[in-house]
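Student: Could you look at this predicted model? Sequence included:
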Amino acid sequence: MTKKINLLANLKSDFASGLVVFLVALPLCLGIALASGAPLFSGIISGVIGGIIVGYLSTSHLSVSGPAAGLTAIVLTAITDLGAFNIFLTAVFIAGLIQLLLGFLKAGSISNFFPNNVIEGMLAGIGVIIFLKQIPHAFGYDKDFEGDESFVQSDGQNTFTELFSLLDHIQLGSFIITAISLTILIGWNKIDFLKRIKLVPPALVAVVVGILINEIFIRSGSSLAISGEHLVALPVPTSFEEFQNIFILPDFSAFTNVKVWIVGATIAVVASIETLLCIEAADRMDVQKRYTDTNVELKAQGIGNMVSSLLGGLPMTSVVVRTSANSDAGAKSKMSAILHGLLLLISVLAIPALLNKIPLATLAAVLLLVGYKLANPKTIKHFWKKDKIYQFIPFVLTFVAVVFTDLLKGVALGMIVNIVFVLIGNSKRAYRFRKEEYKEGDVIHIDLAQEVSFLNKSAIKSTLNEIPENSIVIINATDTVYIAHDVLDLIKEFKKIKAKEMNINITLVGFKKAYKLENSEGNKNTVTIEHRYNVMKRKMEPVLKQ
């Protein structure tokens, strides 16, 4: 039974964190809508629904949902192929239905198979992406859209060439505001009396100061003044008719179109995988170590996407950038995500003109810190010290692949490497055999593990091959519950042919009737011989020491 959550229990901290997430989400919603070739307000609608509806239905305490950068290419292609945005909305509705069904089928359980090193590698990779992508915005070079996470950009640049290009496009006013904003954000938590002001987050102070500084630049006629593409650009409806046009209904006459279903299924699969990855990451960020019901999360996302499509919004997922910003801002419960959605809704309706005064440089400062915390060098050191092969290599490969490709490809590579390592590890752990510890005349033990699959055949074959002539060998299957036929055949052949040729005295112990491999009744005395030898050795030790 799900424990009831008191949404008002931590209102002070959740309101402050909700404000921060709102400030981060606003330009991201607009940027992703722009990159997707969709109406700008479609991104805001998705953010509002992701915050209020998904936030309420979800059992995650930190996750924040909204339009995702990982879906931009799919959305852009789908709108072009389907020929109209309202037809595309029908595909989003279908995606929501599929996610709802996946939730009832308990498909969310697959998230339990994402290894920690892959999740941490994904977070570190996204942290580096956020940091590198925000540097141009911090210097006033805003050619690439906010929220872009792709290494290769739609404008022909890539993450690194964009950094070199900004040298010719530095806007000094933006740089000054970034520097002041970073000073506020970093210094706020170092001054005791400011740290105690929980209701006012430093990000909000930085935004207000950024707006005031830019207003001074503008009113004084300074060349440092920031305008146009360097500010938040939220469309402002000038009439009720324009406001009505914001909401676009799906064209359900396209419900029988096969293309629409293919797009819907694609969005459902990609959005669900990204959501499950983010939920695993969010649970790892949670200092209270609360766990999310991922099946409920899929249902919440499905309902969110269905409602979003009915209002003209983009498809959504749980998003790492907003979730990590939420965690860093000190969120205690999902009320923070709900408040961020409410703030998005209220502000775009009531104060759009004021929001359009926010410099992107200030928001870049907020995201620079979010990126740094996600890609903290301590994480890399942690995995290096933990295990230099089985933990560190998948972590680093996931991290690098996320930076240079995208989130899903990076995670896929990390999963593949982990699976390969598991197979290698299993092949080594299918039995216990340490030949270097044995001396001539000793009894060699090969103890089989609980499960011995065909993947272990090669390693066991090599081990049997290395057993020296005139040896005494005991193969113990007492603990096994399953042995593959390939391995059983291998042991039979070794016993009947190779052991006789090399004068190896082999004893089979603990083999079940189902294996159709008889235990060696006649050779059990080898166990007794070894036992007597060890007892005698222990008795003689005190005498030998004298």
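Tutor: Alright, I've got the coordinates.
Student: which residues of the stretch 1-150 of the chain score low on pLDDT?
Tutor: 1-5 (pLDDT under 70).
Student: can you pull out the strands in it?
Tutor: Remark: strands assigned in the stretch 1-150 of the chain by DSSP state E, counting those that start in this stretch are 65-67.
Student: The chain too?
Tutor: Counting by DSSP state E, the chain has strands at residues 65-67, 316-318, 431-432, 443-448, 451-452, 472-476, 482-483, 505-509.
Student: and Ile133, what is it in contact with?
Tutor: Heads up, residue 133 is Lys, not Ile. Lys133 sits next to Asp144, Asp148, Glu149, Thr159, Glu162 when contact means CB atoms under 8 Å, 6 or more residues apart in numbering. Any C-beta I mention is one placed from the backbone N, CA and C, and that applies to glycine too.
Student: what's the farthest-apart pair in those residues?
Tutor: Glu149 and Glu162 (12.9 Å; CB to CB).
Student: re the thing from before, out of the strands of the chain, name the one with the poorest average pLDDT.
Tutor: Among these, strand 431-432 carries the lowest mean pLDDT, at a mean of 59.
Student: ok, back up a step: okay, the strands of the chain, which one's buried deepest?
Tutor: Stretch with highest mean neighbour count among the strands of the chain: strand 65-67 (a mean of 34; mean count of other CB atoms under 10 Å).
Student: Which residues outside that strand are in contact with it?
Tutor: With contact meaning CB under 8 Å, 6+ apart, strand 65-67 is reached by 25, 28-29, 32-33, 36, 42-43, 46-47, 50-51, 54-55, 58, 275, 301, 304, 313-319, 322, 337.
Student: give me that answer again for 6 Å
Tutor: Ala25, Cys29, Ile32, Gly43, Ser46, Gly47, Gly50, Val54, Leu314, Met316, Ser318, Val319 (CB atoms under 6 Å, 6 or more residues apart in numbering).
Student: And for stretch 212-229?
Tutor: Contacts of stretch 212-229 (CB under 6 Å, 6+ apart): Asp142, Leu172, Gly173, Ser174, Ile177, Pro359.
Student: Among those, name the buried ones.
Tutor: Neighbour counting with 16 or more other CB atoms under 10 Å marks Asp142, Gly173, Ser174, Ile177, Pro359 as buried within those.
Student: Same list, those, but as TSV with distance to Glu297 please.
Tutor: Shown next, in TSV, are the buried ones among the contacts of stretch 212-229 (distance: CB to CB, whole Å):
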residue	distance to Glu297
Asp142	34
Gly173	42
Ser174	38
Ile177	37
Pro359	35
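Student: And those residues, which is closest to Lys373?
Tutor: Of the buried ones among the contacts of stretch 212-229, the one sitting nearest to Lys373 (CB to CB) turns out to be Ile177, at 21.3 Å.
Student: How about the contacts made by the closest one?
Tutor: Counted by CB under 6 Å, 6+ apart, Ile177 has contacts Gly210, Ile213, Pro359, Ala361, Thr362.
Student: please redo it, this time with the cut-off set to 10 Å
Tutor: Listed by CB atoms under 10 Å, 6 or more residues apart in numbering, the contact set of Ile177 reads 138, 140, 171, 206, 209-211, 213-214, 217, 224, 226, 230, 359-362, 364-365.
Student: Tell me how far it lies from Leu234.
Tutor: Look at Ile177 and Leu234: by CB to CB, to the nearest Å, they are 19 Å apart.
Student: Then Ile380?
Tutor: Counting by CB to CB - Ile380 and Leu234 are separated by 38 Å.
Student: got it, and Ile506?
Tutor: When CB to CB is applied, the distance between Ile506 and Leu234 equals 79 Å.
Student: Now Gly37: phi and psi?
Tutor: phi 70, psi 30 (degrees, to the nearest 10).
Student: so what's the closest residue to it other than its chain neighbours up against?
Tutor: Once flanking residues are discounted, Gly37 sits nearest to Leu76: 4.7 Å by CB to CB, 6 or more residues apart in numbering. Contact analysis of Leu76 by CB under 10 Å, 6+ apart lists Ala35, Ser36, Gly37, Ala38, Ser154.
Student: And for Ala16?
Tutor: Contacts of Ala16 by CB under 10 Å, 6+ apart are 197-204, 329-331, 336, 339.
Student: please redo it, this time with the cut-off set to 6 Å
Tutor: Per CB under 6 Å, 6+ apart, neighbours of Ala16: Lys198, Leu199, Pro201.
Student: longest helix anywhere in the protein?
Tutor: helix 258-285 (DSSP state H).
Student: So for that one, what gets flagged as buried?
Tutor: Applying 16+ other CB under 10 Å to helix 258-285 flags 260-261, 263-264, 266-268, 270-283, 285 as buried.
Student: my guess is Tyr454 meets Ala484, correct?
Tutor: You called it Tyr, but residue 454 is Phe. Yes. Using CB atoms under 6 Å, Phe454 is in contact with Ala484, at 4.5 Å.
Student: any idea which residue sits dead centre in this structure?
Tutor: Leu277 (3.7 Å; CA atoms, centre = their mean).
Student: Number of residues surrounding Phe454?
Tutor: 10 (other CB atoms under 10 Å).
Student: Could you dump the contacts of Leu76 into JSON lines with neighbour count and distance to Lys106 added?
Tutor: Formatted as JSON lines, the contacts of Leu76 follow (neighbours: other CB atoms under 10 Å; distance: CB to CB, whole Å):
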{"residue": "Ala35", "neighbour count": "23", "distance to Lys106": "34"}
{"residue": "Ser36", "neighbour count": "26", "distance to Lys106": "31"}
{"residue": "Gly37", "neighbour count": "15", "distance to Lys106": "35"}
{"residue": "Ala38", "neighbour count": "24", "distance to Lys106": "32"}
{"residue": "Ser154", "neighbour count": "13", "distance to Lys106": "37"}
